[in-house]
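Asker: coords please:
(one chain, ligands or ions: 1)
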Amino acid sequence: MSQQFVIAIDQGTTSSRAVLFNHESELLDVSQQEFTQHFPKPGWVEHDPLEIWDSQFAVLQKLVANNQLRPDDIAAIGITNQRETTVVWDRNTGEPVYNAIVWQDRRTAARCDEITAQGWKDRIQQKTGLVIDAYFSASKVQWILENVEGAKEKAKKGELLFGTIDTWIIWKLTEGRVHATDPSNAARTMLLNINSGEWDQDLMTLFGIPASMLPEVRDSSGDFGELQFQGQGIPIAGVAGDQQAALFGQTCFEKGMAKNTYGTGCFMLMNTGSERVDSESGLLSTIAWSINGETTYALEGSVFIAGAAIQWLRDELEFIESAGESESLALQANPESDVVVVPAFAGLGAPYWDMYARGAIFGLTRDSGKPEIAKATLQSLAYQIFDVLKAMENDSGIELSQLNVDGGAIANNFLAQFQADVLQKPVTRPTVLESTALGAAYLAGLKVGYWQMDDLTKVREIEREFKPKLDTDTIERLLRRWHKAVERSKQWVDKDD
Ligand code: ADP
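Answerer: As a prediction, the model looks like this:
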């Protein structure tokens with residue numbers, strides 16, 4: 001038999017990717033395309049679902065063409081995606097009724113406050129494992145139904161479908177034959193009861209969402225239909241939200257294993273096994289994946305703005321031309337500088353959960369310039385992860401001996417070293433930073449028998465380990481300043497603004 005491959009479709013917040021893996025888990029090729037970010041008002045973030053699909057399909061075609069793949073060469077396709085981002089489309093025409101409302105979007109903050117005031121906090125936490133926040137899909141779907149003309153009536157008649165991005169991509173890949181999601185994505189909608197794995201009627205009623213809009217929930221390593229390619233069907237056999245896919249790709253299969261991904265946001269997840277662990281420190285309980293009908297849970301700390309802060313340095317401040325240049329710029333900073341950046345551009349996520357916090361720069365002096373601000377921005381990623389990791393250790397009662405990392409921004413050596421310093425723990429960076437895509441490939445490959453579980457655990461190649469170097473007095477001083485800055489950024493926006 002000729003060699004076969006698995007393709008991962010990785011639909012991220014800023015770009016669409018298609019990634020080719022072989023049986024040895026080697027990443028053979030990637031094609032990637034950025035797409036447009038729309039910011040119609042402060043705090044609003046949208047994507048065009050058709051542009052998402054076009055870019056995703058284009059990179060898939062490019063990967064296939066570049067590698068001269070024929071249908072028999074592809075064992076399966078896995079999908080991983082930006083989570084929570086909400087698409088509502090017409091079942092008959094396939095046309096989205098509104099842009100995708102992106103996970104970072106804050107427009108439904110007031111609605112979330114209202115629900116909290118009505119006393120839903122504990123019930124929602126118990127059912128969904130989530131805190132009430134505009135981040136999750138439910139309030140975004142409700143916003144579309146209430147603000148797009150005619151949408152509510154069409155939804156009532158069963159003419160509209162809702163999906164997170166996985167569902168939208170599956171629906172497009174299968175030409176409308178499959179309307180499905182997996183539990184790791186469904187768990188982020190604030191509509192799924194994560195204890196039973198079923199959509200929750202109370203929550204559907206609360207947000208005014210008819211059951212007919214919701215996708216079928218299938219196993220993450222499961223059957224999501226086929227992509228027709230040159231007259232043959234290629235199985236779509238694995239689906240997981242990006243962060244859960246990264247946990248799987250980092251082979252964190254055992255309870256207590258954790259990873260942190262530095263992408264647009266930062267997401268730390270710990271596998272908590274077959275039981276959900278509830279947080280006392282503002283972390284989320286979520287579903288990691290389901291395989292053969294068995295659900296694995298995770299604790300998650302979500303930081304909204306991480307690599308996005310580097311994009312801000314590049315695109316809004318125009319300090320750098322590429323994200324990579326942030327490293328050399330930070331190294332030029334005056335070591336005495338006391339600048340702190342709090343990148344609360346979309347409020348603050350775990351462990352603070354303040355939708356009304358906004359970004360701020362503290363400690364500016366007359367000599368503060370681009371290098372000092374760039375350095376403080378990179379440091380802010382590491383500080384946020386420090387806070388999440390401490391919360392996770394508290395909740396799980398497990399002290400992490402090291403941090404497994406991945407994602408685009410941790411290619412930055414300054415950041416990786418500073419992260420090790422702040423945590424006082426080694427940071428281990430694998431050769432393949434694309435754990436997200438690898439996880440989706442693994443889930444798909446397992447389903448079609450391309451891989452067995454044992455094949456996956458054997459190699460996790462370390463490219464570099466960063467050991468802590470800074471003394472503890474300095475770190476304590478830096479953390480004190482950081483926490484002071486965070487306090488001053490909180491509750492910046494008035495609720496009535
Ligand atoms: P996502 O999947 O969320 O789109 P990626 O894992 O591709 O994110 O990482 C891209 C993010 O990492 C971008 O926000 C970018 O600004 C940041 N980034 C990429 N390379 C670097 C670097 N060398 N230093 C700092 N940040 C970087």
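Asker: need the three-state assignment for residue 421.
Answerer: Secondary structure of residue 421, reduced to three states by DSSP: H, G, I helix; E, B strand; the rest coil: helix.
Asker: I meant to write residue 246 there.
Answerer: Here residue 246 is recorded as helix under three-state DSSP.
Asker: ok, it - contacts?
Answerer: 259, 261, 267, 269, 406-407, 435-436, 439 (CB atoms under 8 Å, 6 or more residues apart in numbering). C-beta here means a position set from N, CA and C on the backbone, and glycine is covered the same way.
Asker: one more: residue 142?
Answerer: Counting by CB under 8 Å, 6+ apart, residue 142 touches 108, 111, 207-209.
Asker: try 10 Å this time
Answerer: Contacts for residue 142 were tallied using CB atoms under 10 Å, 6 or more residues apart in numbering; they are 86, 108, 111, 152, 206-209.
Asker: do residue 421 as well
Answerer: Each residue near residue 421 by CB under 10 Å, 6+ apart is listed here: 379, 382, 427, 466-472, 474-475, 478.
Asker: pLDDT weak spots in the protein?
Answerer: Within the chain, the set of residues satisfying pLDDT under 70 comprises 1-2, 458-460, 496-497.
Asker: is the longest helix anywhere in it up against the ligand anywhere?
Answerer: If each helix of the chain is counted by residues according to DSSP state H, the longest one is helix 370-396. No: contact between helix 370-396 and the ligand is absent, the nearest approach being 6.7 Å (criterion: CB under 6 Å from any ligand atom).
Asker: tell me the helix or strand right after that helix.
Answerer: Next helix or strand after helix 370-396 toward the C-terminus (DSSP states H and E): strand 403-406.
Asker: returning to that earlier point: between the contacts of residue 142, which is closest to the ligand?
Answerer: Minimum distance to the ligand across those is 17.2 Å, recorded for residue 86 (CB to the nearest ligand atom).
Asker: can you pull the contacts of that closest one?
Answerer: Taking CB under 10 Å, 6+ apart as the definition, contacts of residue 86 comprise 49, 98-103, 105, 136-144, 162-165, 168, 189.
Asker: with adjacent residues omitted, what lies nearest to it?
Answerer: Using CB to CB, 6 or more residues apart in numbering and skipping the chain neighbours, the partner closest in space to residue 86 is residue 140 (4.0 Å).
Asker: ok, now how distant is that neighbour from the ligand?
Answerer: Taken as CB to the nearest ligand atom, to the nearest Å, the spacing of residue 140 relative to the ligand amounts to 19 Å.
Asker: got phi/psi on that residue?
Answerer: phi -70, psi -40 (degrees, to the nearest 10).
Asker: now for it: which residues touch it?
Answerer: For residue 140, counting by CB under 10 Å, 6+ apart, the contacting residues are 84-88, 98, 100-103, 105, 107-108, 111, 134, 162, 189-190, 207.
Asker: quick one: contacts for residue 108?
Answerer: Taking CB under 10 Å, 6+ apart as the criterion, residue 108 is in contact with 101, 114-115, 133-136, 138-143, 207, 355.
Asker: between these, which sits nearest the ligand?
Answerer: Of these, the one sitting nearest to the ligand (CB to the nearest ligand atom) turns out to be residue 135, at 14.7 Å.
Asker: on the three-state scheme, the closest one is what?
Answerer: The local conformation at residue 135, judged by three-state DSSP, is coil.
Asker: measure the nearest residue to residue 84 once chain neighbours are set aside to residue 486 for me?
Answerer: The spatial neighbour of residue 84 that comes closest, neighbours along the chain excluded (CB to CB, 6+ apart), is residue 103 at 3.9 Å. Between residue 103 and residue 486 the distance, using CB to CB, to the nearest Å, works out to 21 Å.
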